[in-house]
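Visitor: could you look at this predicted model? Sequence included:
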Amino acid sequence: MVDLTIELSDDVYERLVAVAASGGIEPEHFVRQIIAVGVGVNTSSKDDPFSSVLLRNRPEDLLSLAEAGPVFVRDVEHGDFVLITDERYEQGSSST
């Protein structure tokens, strides 16, 4: 993995830490997820899902990623979820 250093103001850093904490994740992990979603890369998996903080703050981006494939999301209070398109859902439910 490539290291990246970003200079942040104290206000931005404090807000980032607070938002990450609300999702039960480390700020560094949250920033990696923000960047991945921002450039349209779905890095989520069953083992390493996106935080539900991203779903609350950037729902359009995660829904857009779901057009290409399942998006795994973890909510610390409610468990794990998978976002998929209606079409993919219909394909899955018609095959059972």
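Guide: Done, it's in. All figures in this text were calculated on a predicted structure; none of them were measured in a lab.
Visitor: and the pLDDT for the most centrally placed residue in the chain?
Guide: With distances taken as C-alpha atoms, centre = their mean, Phe50 lies nearest the centre of the chain, 3.0 Å away. In this model, Phe50 is scored at 95, pLDDT.
Visitor: how near is it to Gly69?
Guide: 13 Å (C-beta to C-beta, to the nearest Å). Quick note: C-beta positions are derived from backbone N, CA and C, even for glycine.
Visitor: and Ser51, by the same measure?
Guide: 18 Å.
Visitor: is Val82 in a helix, a strand, or coil?
Guide: strand (DSSP: H, G, I helix; E, B strand; the rest coil).
Visitor: that one - nearest residue in space that isn't next to it in sequence?
Guide: The shortest distance from Val82 to any non-neighbouring residue, by C-beta to C-beta, 6 or more residues apart in numbering, is to Pro70 (5.0 Å).
Visitor: what is the burial count for that neighbour?
Guide: 16 (other C-beta atoms under 10 Å).
Visitor: quick one: contacts for it?
Guide: 44, 82-84, 88 (C-beta atoms under 8 Å, 6 or more residues apart in numbering).
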